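here is a sequence with its predicted model. Questions after.
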Amino acid sequence: MTDPFEFLVRGDVDAAVAAVTGLDDERRRQFADGLVAHVRRRRDNWWWNDEATALAVAAVGCLPTAARAAELLGRRNVSLRATDAGPVVQVARTRGVTWLPELAYRLADRLDKANPGSGWGFVADLLTAEKVAPPTGDRFVEGWLGRMAWPPESQRRIPLVDRLRADPFLDPLVPRLFEVDGAGARMIFDEFMTDEKLALPRALARLAGEGRLDRTTLLDGCLSRLLRGDRPGALRAFVALHTLLEPTAAETDRRRGDYLRLLADAPGSIASMAQKTLRAVDGLEIEGLLDASRAVLVRPDKALVRAQLGWLDQLARRHPDRVAEIAAVIATAGDHPAADVRDRACTLAARHGHVVAPPVVVGTVGDDLPPPAGPLPALPAITDPDELAEEVAALLGGPTTASGLERVLDAVVRLASLDRPRLGDALAPVLRRHRGGAQEHSWDPCCLCGLLAGVLHAAADPVEGGVRRGRWAAMLAAFRRRTPGGPSADPRVPPPHRLLRARLAEIGDRVGPPHHPGLLAAPTAANGVIDPEALYDRLARLGERGAWEVDLTQALLRLPARVDEPLAARAAALGTPAGDRLAGWLRAGGLPTPDQRVVTLPRRERRPAYDWGYDHLPRQRTHVRVSPPDGADDPFGLLTVPAGSVDSHIGGAALLWPAVLPGYRGLVAAYALPDIASGADQDLPGAAAILPLLAESGGDGGPAVDLALAYGLGARQESDRVATLDALLMLAAAGDLDAPAVGAHLGTLAAVGDLTLTRTLQPLRDAAAAGAPLSTWRLLAAALPALLAAPKTPRGTPDLLTLTAETAGTTGARIEVPGLAEVAARGGSSRLVTEARRLTAALDR
Amino acid sequence: MNALQTYRYLQPSTLHRGALALQTSGGPATNPRFFSGFLTTPQAAAAGLLAVAEVARTRYHQPVSPASLDPVVTGSRDRMRFESFSGCCGVYARLDVVPAGFDGDIVEHGTTNVDVNAPLREALARVGGLDPLHLSVGPDDLTVSTLDGPVVEKKVPLPGRWLRGFAEVHLIAAAMAPRAEIPAAEAVAFLRRLPAGNDRSVLWVVPAGRSLRLTSRPLPGAVCLAGAGRLTTLRALLRYAKTLRVYGPPAAAGSPPLPSVWQLDTGALRLSLTLSPEPYRGFSGEGGALTALATDDVADDAALVGALLSWDPTIDVHALAASAAIPADRVRSALTQLGTAGRVGFDVAEAAYFHRVLPYDAGRAERDNPRLVGARALVDAGAVTLDGEAATVRHGDEVYRVRRRPDGSYTCSCPWWARHRGQRGPCKHALATTMVGTSTVTAPVEVGA
């Protein structure tokens, strides 16, 4: 027997009409049951176009109620986007169905939340055919807006205003535009054919002008929506409509309470609109205006406040009898955070006879920062296999952190030598659960996941170690080869990371001898540093057993970089090769200081084919090239940082390096500089997260640290700028901040447009407020010469000058700023010149 | 498990000719009447009410369609508290009207829902500064006597997680202490510079000079600020406020994200927002009450203490201990239990619990917490094997090890625990171990039954 619903599979609408025509009640009921069962059975099918039309015809032709039909047609896998309502209405008429309007209402409520325009047309056609009032639910209104923005093919050539004029839903739905939350976000589309902006507000305003729509409804609707508020993007359309309606003075005066309220409380653009509208009204009642002004004048929006001050000034001239009252209100802006607004307010208040006492500047010379807390001790070592299993789960299931990794590695070696079967029992379930996170991510050359999981497997079960030994041995051999970036070393893996990988390979290779006292390189402080005494004790405990080579290398790199002769003598007295190596290291005071050179790299050449990536690269970038000092040995390539290229990018792995080289801040900064810079010129989030870690490390700074801080201050993300500020303050508190060098880089980068100057304002202001005004002043004084000399003064320079004047005034320290006098001597009253003069005045005080 | 909340207001709340008539539904009566009198600072009160309503309508995480559960109001002895809870379960807002804020009588005590509708919001936004504002909470006698008028009925889904979150906020607040206080002028500048919109970053805040400073890492005394866009609601009341106070649990270097309370004080009103530790984390999943619920130790104390509560604006633990004749710490754990049932809330400004009874059955929701249900299933399946201070929990093919820490809490080797490290309460394996552990002490016979 053939399937009675075979026509649904083919999407044959005519067959569907035929199938439901002329059924008696009993057969119709059977047909309905069969239909529902058929749709349920094919729940993976996507019903659309003719298939959906055939389904709609069948549903309306046999189902007993609108609720049942809506349930069937409102299923998520049924798209009514292109469904033809004609045959559906015809079938309903033939059958004598009276519930089509109800079906339409129900379907209107079930329109897709994300895309209510899809399926809207079908619902609208049903309503039009039945000549009933449209539903006014949120979804239907949003769908209506969607249809306006994206009309069906046949109507695309008709301008929106003409489509609206003929729209049967216009009158019932227009008031809802102001009531549905978020509807405004769908009202800012362009005219379909001409791309004219803000088509809908224009069309509505025109219809109001013609008298087709009630002007009062629109005006009151806009105001009520603006008063109630919505997301900023959803309010734009109402501001535009309001402006297009051009309210008359009488209309405004009647609604002045609303406008005053918007002026005082609404977001900036709306408050400005209210201000402009109100200023056009003569004879506004003064009490209300003054009351609102008090709220306006403390708002941070500078343009709004300045305009309000201008208005009050005008008012004071016109109403000599109330001048004292008005001047007192003007004076409230004397505390405004923006210096130019303060100045203006004081001038105006004084002009109208209100004398404001000049603010008393309490000068504190120098920075006042809490002393650095010193590194925290490392977390206590893991002693229990179950505890290790928990830490392993955290490490494999989340981000790899330096401290988490070190604790696990240390515990793995100790516990494997203590009771390997018990360790295996504890780790096996966790390793099985996290096998997904233990895969090598082949696209990331710095990925540690597979390697780490291999080490853990080897620790848990010697057999597992056997299968990986070949790979580990190869990695170790490549590491030992004294040619950095040699044939088998991936040049994309920087040396600190190569060291980390070699260490993991070594641990995997060597883990398991009984009674091993544990890793030499386990940090004793949270920032990765090892106390030299602790390392001496570990070597003493190790005795005649040989130290693991990479482990010892890492341990030495974690010592503070300074000469320690007494301990060196004791280490030499151990009489072991490892003891000798420690002694030599301590006598040399760690790695030699490398040569660092600042280099500016252009971006790569454009590729001949379409090159999307090229356009997203910064024009140029400043890196630091590091090379070993003359005659110095660089066994692991750690002292060699190539200049790199503008598109070199490491990702999160860089966060592990401060703990690899905790005594060499400048070196790590040079390695991580491409990533840090990408936070400023490629807007990458999280780029500056490494900076506080660098600040916690020891060692010399140098150009890489200074550049890193300059780029970090200009990072796109607030959280990155905040991290940079933390680093800046920590370094300043420890006396390790070279503020003029950071400032000079900042000025140079901003002057050529490699850095967005406006972003740096807030963190620098915060630095001054947080107790480092002198460092900020020194930084700014070094940044200004390049900015002032730039052919096109970067945006934000006047604000930077204001901040400079404030910090200079607070500290009372005098620093010469080359080029300032020339700018201050320029004529005119541009903000740049005004602020330059303010700084000059602050310096002359 | 999701219930349906039905509101039945005698008429919509209105603001007409200087009279704000808030309609009520549920609680001590069908449509209770709590208050009639004047608000002393009308504009600020209107802004505060709008803020509370705004939080109730918003989902800060995945903002798709706004949740629309109405705020609740509590009339206690000399205080009115309007509370709401965001649809994403991550923000809790409360407006406390202190005695300086109103002039009138609280005629009845209790907690009820209040209707806030679109025309009312618009009218509240229009409240002018100079006119007095009469407030009535609950229908007047006239409305009650003419019952045949149109009744406003709203049916909204009442998700279990929303309820659990609402009932768990007090636990989180009770662990907080004041960390910073800044004048309103500084607060304006501070709130303005925060990242807006959907920013998910976790930042920290420390006092710096007269204002606050953002920092990227936790320090002792710092307060966590996660998803700073969630503080936007405070802006409305900012210009009436005198101070902004910030509360948080103790932080230290390396702390994970923490919850925080941000409170604006106008002298007559206090608006506070409690933020969850991260925008995606609802308070419902914070699991602070789970251990207490896994064992029924404090149920009797809770019943005893619950009977003694009498709509005090702040609950004096010592007085309560004296009248209940049990030690103060048992009263505290009883209050925690009562809070989980929605019968007390916590006010950080006064560092004290206050009596209110949520007009929902919050206790049941918490007892049906998925983790507790899962833990009970594990216990019933005999999945827990105790050995000393640790336990092995078997679930299907998986084996989990649960360890007891010196402070009595448990750790586990499951991925959930690895992710949250105890920040969101115990996992179901730890809960199951707690259940088995306590039942071996009290009734060893039942183990493995």
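Arrived safely, thanks for sending.

please name the nearest non-neighbouring residue to residue 179.
Answering for chain A, as no chain was given. Distances taken as C-beta to C-beta, 6 or more residues apart in numbering or on different chains place residue B:118 nearest to residue A:179, at 6.2 Å, with adjacent residues excluded. Where C-beta positions appear, they are placed from N, C-alpha and C, glycine not excepted.

that's the wrong chain, I meant chain B
residue B:223 (4.8 Å).

who's the one you found bridged to?
residue B:205 (DSSP bridges).

thinking again about what came up before, state whether the residue nearest to residue A:179 and residue A:176 are indeed in contact, as I suppose.
No - taking contacts as C-beta atoms under 8 Å, residue B:118 lies outside contact range of residue A:176: 11.2 Å.

between the two, which one's more packed in?
Per other C-beta atoms under 10 Å in any protein chain shown, whichever of residue B:118 and residue A:176 has more neighbours is residue A:176, with 20 against 15.

please identify the buried residues of the helix or strand harbouring that one?
Using DSSP states H and E, residue A:176 maps to helix A:170-177. Applying a neighbour-count criterion of 16 or more other C-beta atoms under 10 Å in any protein chain shown, one finds A:170, A:173, A:174, A:176, A:177 buried in helix A:170-177.

if you average pLDDT over the helix ranked longest in chain A, what comes out?
For chain A, the helix with the greatest residue count under DSSP state H is helix A:462-480. For helix A:462-480, mean pLDDT is 85.

with stretch A:105-112 instead?
The model assigns stretch A:105-112 a mean pLDDT of 90.

again, but for stretch B:434-449
For stretch B:434-449, the per-residue pLDDT averages 54.

do stretch B:366-376 as well
Here the average pLDDT along stretch B:366-376 is 85.

do stretch B:206-222 as well
For stretch B:206-222, the per-residue pLDDT averages 90.

before we move on, the earlier item: tell me which helix or strand comes right after the longest helix of chain A.
helix A:495-510.

low-confidence regions, the stretch 1-150 of chain B specifically.
B:1-2, B:63-68, B:129-130, B:142-150 (pLDDT under 70).

where exactly do the strands run in it?
B:3-9, B:14-16, B:19-22, B:24-25, B:35-39, B:72-76, B:79-85, B:91-97, B:102-106, B:110-114, B:133-137 (DSSP state E, counting those that start in this stretch).

same check on the stretch 551-700 of chain A?
A:595-602, A:620-627.

nearest to chain B, out of these?
strand A:620-627 (23.5 Å; C-beta to the nearest C-beta).

buried residues in that closest one?
Buried, per 16+ other C-beta under 10 Å, within strand A:620-627: A:621, A:622, A:623, A:624, A:625, A:626.

and it, what does it pack onto?
strand A:595-602, helix A:665-681, helix A:703-713, helix A:739-751 (3 or more C-beta pairs under 8 Å, 6 or more residues apart in numbering or on different chains; DSSP states H and E).

so for chain B, which of these sits nearest?
helix A:703-713 (10.7 Å).

just the mean pLDDT for that closest one, thanks.
For helix A:703-713, the per-residue pLDDT averages 97.

measure how far stretch B:18-25 is from the centre of its chain, please.
24 Å (C-alpha atoms, centre = their mean, to the nearest Å).

that stretch and chain A, are they touching?
No - with C-beta under 8 Å from any C-beta of the partner chain as the criterion, chain A is not reached by stretch B:18-25; the gap is at least 13.2 Å.

all good on my end, thank you.
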